[in-house]
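Enquirer: My questions concern the predicted model and sequence given below.
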Amino acid sequence: MTTPLDHIRNFSIIAHIDHGKSTLADRLIQTTGGLESREMVEQVLDNMDIERERGITIKAQTVRLDYVAKNGESYVLNLMDTPGHVDFAYEVSRSLAACEGSLLVVDASQGVEAQTLANVYQAIDNHHEIVPILNKVDLPAADTDRVKEQIEEVIGIDASDAVPISAKTGLGIADVLEAIVNRLPPPKGDANAPLKAMLVDSWYDTYLGVVVLVRIVDGVMRKGQKIRMMEAGATYEVERMGVFTPKMVELKELGPGEIGFINASIKEVADTRVGDTITDERKPCAEKLPGFRPTQPVVFCGLFPVDAADFEDLRTAVGKLRLNDASFTYEMETSAALGFGFRCGFLGLLHLEIIQERLEREFNLDLIATAPSVVYKILVRDGTVLEMHNPIDMPEVTRIEEIEEPWIRATIMTPDEYLGSVLKLCQDKRGIQADLSYAGSRALVVYDLPLNEVVFDFYDRLKSVSKGYASFDYHLTDYRPSDLVRLQILVNGEAVDALSMLVHRTRAESRGRAICEKLKDVIPPHMFQIPVQAAIGGKIIARETIRALRKDVTAKCYGGDATRKRKLLDKQKEGKKRMRQFGKVEIPQEAFIQVLKVEG
Amino acid sequence: MTAPEPGFGIYVHWPFCAAKCPYCDFNSHVRHTPVDQARFARGLAAELAHAARLAPGRTVSSIFFGGGTPSLMEVATVGAVLDAVARHWTVARDVEVTLEANPGSAEAERFAGYRAAGVNRLSLGVQALNDRDLNRLGRIHDVAEARAAIELARATFDRLSFDLIYARPDQTVAEWEAELRAAVALAADHLSVYQLTIEEETRFADLHRVGKLVVPDADLGAELYEATHRVLDAAGLPAYEISNHAAPGAECRHNLVYWRYGEYVGVGAGAHGRLVHGEGRHATATEKNPEKWLRLVEAHGHGLITDDVLTLEEQGDEYLLMGLRLKEGIDLDRWEEISGRTLDPARLADLEANGLVEQVREAGRRRVRATLSGFEVLDAVVADLAA
């Protein structure tokens, strides 16, 4: 039996990292009896270690809560936990599209942050009803009036009846549940129409295989039904379906407005497309749902094993990760300096970091990541357009008509005392100011910036100039022509492909100089002198010299103790394995990482 | 210079010192109650008997008493060890018997006794020829005592060497050159000249870490090293090893056994050996704590705590590590036999192009040897070749 529409509420929670989204979710599950208290683990929804540690959600998850309201009626509340980061903006938009309302959780002492802002605007775009929640009102620093005012000013929604809570102590949780029932609209849908459902997300589970999260829009989905994924053009049979409470409960059918999971012998997550429309194979719906967009990686980098012998392990690991994350792409790459590895594409920088961290942590691999690169469009003289993912693929300069690079619109919120430094940083990064406004003592800065500058070290710099107080969010806007050059780094006279990058002509010299200086510090002295140069085309624009090793010899051997010397030699040999032989020079992996952190 | 057979050496470790020097990380221990020397002598003899069962039939070409401070050994203890060696092996007619001694007056009284027991070469730990630096190095003797000990040793023994340590705090090239010339005037035909090295877990390491001990940097270290070569070459004492200088023919034969990667027995607490028997070349090491060593020897007839058969790669690495320390370098053909590998010709050529090694052919054998520049960065050269 499916739930009547007016007894369903589908909602998501929008919050900045640390503002209490997971704690509130836990509290709602506990209060409605989804889990016995002995079953509660802190932050039930964040499954992966990385999610728990970083306080971010990577995959959308839902929990179905059964709630008896004060009016005596039983409701089904579907809590959709959305990915909380800009890199997953499209996934967020689909999760939001599966709900009718949002709880906007704001820390009552911290106020609204940039990331919250982007998500709340998306919710508004999805016609959500929004209930503001002020969390941590029990803390001495809480200033509910100021934060309410800020919500109204910055976001432009009425915050007069914001619900004051403390997710930690449980204060106000009952009010939140009532607000969900009374202030959020029920879903709409037609149970008699042909099946129309949205593929909200999918993931790989060791026991269940590929799990697909669906929101039924019209019609009823039943166990055993032949379904069709309209974008992917594939047909499956629903083998198992149900909901998470958060325990898995199997059901025979899901009706309009309901959110649940299905299993359908789908081999890989890559076979599913977030935002796809699922319909009945024999009696399909007439139109697909709006808003589908294929996922496109925007940031690329090469990942290589530190020890070349680990290549096969890396191949297995990226394959396994891809099973669960189809937005991450990879193809084999060979580098003269780094050997065999993979050129990988990511939704953004955070996504890159997460994948790299998972590879290192879950698969125990030591990796070298090359400089992240964005996708450049190169207009070649013969009229063709190349999409370039790797600076080493850049054609001869004489063949290039024009290079275009991707731009973003960045939203930054900062306490006003750091505004000057934030503006300077944006200007340094070739930014163009689009807007600047104030909300209380916080400034809201909107800048158009080249993504190329942001992937370099923007996050770190922003954090350091604002002592960690500024928050940042962005979305891709367009491609713009740019005067970009390929900066090459030559070590001992030979170009190191893994260190080459595209930079704006006006930045090339200072960055080249900064990189040479950094490499001089991180490449250990060899038995000969090593020139380190930066070049554009054939022209050297910066040079440093690493002096030859002057003295490195054990003065005395103790009474024929060759063992001790041999063990030292073994250590040296082990160290050499972690270096990359380039020409006659060994470059430590650290050099590749350090070059990314160069300011200039 | 063709390399003769490496020979067969006996190393005897005496693990006691009157005081621990702040730079020393060797196996030495200070005891405040008298050591039962007769008991230790029986222990050493037992270990020699054990080694002779494993490696019989050798002809002993050198015996070396190292430490610690072997000049704290009573003459009878030294004599008992030499007797035990002679019981188990043939001893070469021209055997070299070296004993390391502190240049203190107490030790000097025993010089004649050592000579009578069979010691024919003395190695004195002089370390510096000025009292300020001796004091800083934590030595318990002064220059006057050192000079007296040198004089007496020259009169007593056929052969004499002494040690100096350079790259001391505040040392200049000019001061060092003057000190070396003074040393040459005192020396017979052999000098060991070691760069001060800050070893972990020494008092100097602690002082160095907190900035209370500043030693010359790599540049000055190299200049001092080059000055050493200049002065001693001119004095007819060229380097035959990284830190050892001798008139031709006066090289320490015992140390050549190590560097030519020959066979040697190590007895006493914390001694190392390399013996070929059974499955191949064994690397041995004994218990480092003297009393524990004694108990092990008394219970089992030996104090070995390590007895590993070396792989071909390990043997190749050791021959490279030891052999390239010598001016004469390594015999490449022998290295290939030992390791079962070939040295990468491209790497050799690079090192040669950088002036760090040279390849020569002597008596039909290919040799690789380090140049002076190569000596200065030998650890890196070896790592490059061994990788």
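Expert: Arrived safely, thanks for sending.
Enquirer: C-alpha only now, for contacts and for neighbours.
Expert: Will do.
Enquirer: What segments of the stretch 101-250 of chain B are helices?
Expert: With helices called from DSSP state H, counting those that start in this stretch, the stretch 101-250 of chain B shows them at B:105-108, B:111-117, B:131-136, B:143-156, B:173-186, B:203-209, B:218-234.
Enquirer: residues in contact with the nearest residue to residue B:244 once chain neighbours are set aside?
Expert: Using CA to CA, 6 or more residues apart in numbering or on different chains and skipping the chain neighbours, the partner closest in space to residue B:244 is residue B:192 (4.5 Å). By CA atoms under 8 Å, 6 or more residues apart in numbering or on different chains, the residues touching residue B:192 are B:161, B:162, B:163, B:164, B:243, B:244, B:245.
Enquirer: helices or strands next to the longest helix seen in chain A in the packing?
Expert: If you go by DSSP state H, chain A has its longest helix at helix A:505-522. Packing partners of helix A:505-522 (3 or more CA pairs under 8 Å, 6 or more residues apart in numbering or on different chains; DSSP states H and E): strand A:484-491, strand A:530-536, strand A:539-546, helix A:589-596.
Enquirer: Just give me the closest of the contacts of residue B:192 to residue A:101.
Expert: residue B:243 (80.9 Å; CA to CA).
Enquirer: With just CA atoms, put whichever strand or helix holds residue A:23 into CSV.
Expert: Here residue A:23 sits within helix A:21-31, counting by DSSP states H and E. As requested, the backbone C-alpha atoms of helix A:21-31 are provided in CSV (Å, rounded to 0.1, in the frame of the first residue of the first chain):
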residue,chain,number,x,y,z
LYS,A,21,23.0,19.2,9.9
SER,A,22,24.0,15.7,10.8
THR,A,23,23.2,16.1,14.5
LEU,A,24,19.8,17.4,13.6
ALA,A,25,19.2,14.5,11.3
ASP,A,26,20.3,12.1,14.0
ARG,A,27,17.9,13.7,16.5
LEU,A,28,15.0,13.5,14.1
ILE,A,29,15.7,9.8,13.5
GLN,A,30,15.9,9.2,17.2
THR,A,31,12.8,11.2,18.1
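Enquirer: and it, average pLDDT?
Expert: When pLDDT is averaged along helix A:21-31, the result is 86.
Enquirer: what's the answer for stretch A:408-423, then?
Expert: The pLDDT scores in stretch A:408-423 average 90.
Enquirer: contacting residues for the closest residue to residue B:377 other than its chain neighbours?
Expert: Spatial nearest neighbour of residue B:377, excluding adjacent residues (CA to CA, 6+ apart): residue A:552 at 4.3 Å. Residues in contact with residue A:552 (CA under 8 Å, 6+ apart) are B:376, B:377, B:378, B:379, B:380.
Enquirer: OK, contacts around the second one?
Expert: When the contact criterion is CA under 8 Å, 6+ apart, the partners of residue B:377 are A:527, A:549, A:550, A:551, A:552, A:553.
Enquirer: which residue packs closest to residue 70, ignoring adjacent ones?
Expert: Since no chain was named, I'll use chain A. Residue A:70's closest residue in space is residue A:178 (CA to CA, 6+ apart), at 7.5 Å.
Enquirer: my question was about chain B
Expert: In this structure, residue B:70 finds its nearest non-sequential neighbour in residue B:14, 5.3 Å apart by CA to CA, 6+ apart.
Enquirer: With residue B:23 instead?
Expert: Closest to residue B:23 by CA to CA, 6+ apart is residue B:204, at 5.4 Å.
Enquirer: And the pLDDT for the residue of chain A found nearest chain B?
Expert: Proximity of chain A to chain B (CA to the nearest CA) peaks at residue A:552, 4.3 Å away. At residue A:552, the predicted lDDT confidence score is 90.
Enquirer: quick one: it is in a helix?
Expert: No - per DSSP: H, G, I helix; E, B strand; the rest coil, residue A:552 lies outside any helix segment and is coil.
Enquirer: What separation is there between residue B:94 and residue B:7?
Expert: Residue B:94 is 12 Å from residue B:7, where distance means CA to CA, to the nearest Å.
Enquirer: Which one's more surrounded, those two?
Expert: residue B:7 (20 against 9; other CA atoms under 10 Å in any protein chain shown).
Enquirer: can you list the residues of the stretch 51-200 of chain B near chain A?
Expert: B:66, B:194, B:195, B:196, B:197 (CA under 8 Å from any CA of the partner chain).
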